[in-house]
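Trainee: Below are the sequence and a predicted model for it; my questions follow.
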Amino acid sequence: MWYWIGMSALIYFLFIILEESIYLLWNRYVYGPKQRKARLWNNRITLGIAFLIRLHLKDIRQKHTRKVSSH
């Protein structure tokens, strides 16, 4: 009995995965890939990294000017 319950559940979940995959592939085919969102995230990540680098360089410059002025 447990065999049939397990097999039924497995077939059901495989069917759900197959159906969702077909749905996503069809939407990608019809509407195209979401390049705009990918570009948006890439821009955000790039801006975040650039901000951190500028912040780090600013901190290094301030430390350097403090060392120079204290001598």
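Mentor: In hand now; what should we look at?

Trainee: which SSE is the residue positioned nearest the centre of the chain in?
Mentor: Against the mean C-alpha coordinate of the chain, by CA atoms, centre = their mean, the closest residue is residue 41 at 7.5 Å. Using DSSP states H and E, the element containing residue 41 is helix 35-70.

Trainee: mind showing which ranges of the protein have poor pLDDT?
Mentor: Low-confidence segments of the chain (pLDDT under 70): 35, 64, 66-71.

Trainee: Pop the domain breakdown of it in here.
Mentor: Per automatic domain parsing, the domain ranges recorded for the chain read 1-32, 33-71.

Trainee: gap between the last one and the chain center?
Mentor: Okay, so that is domain 33-71. Relative to its parent chain, domain 33-71 has a centroid offset of 20 Å by CA atoms, centre = their mean, to the nearest Å.

Trainee: Buried residues, it. List them.
Mentor: Along domain 33-71, no position meets the burial threshold by neighbour count (16 or more other CB atoms under 10 Å). Just so you know, the C-beta spots here come from the backbone N, C-alpha and C atoms, and that holds for glycine as well.
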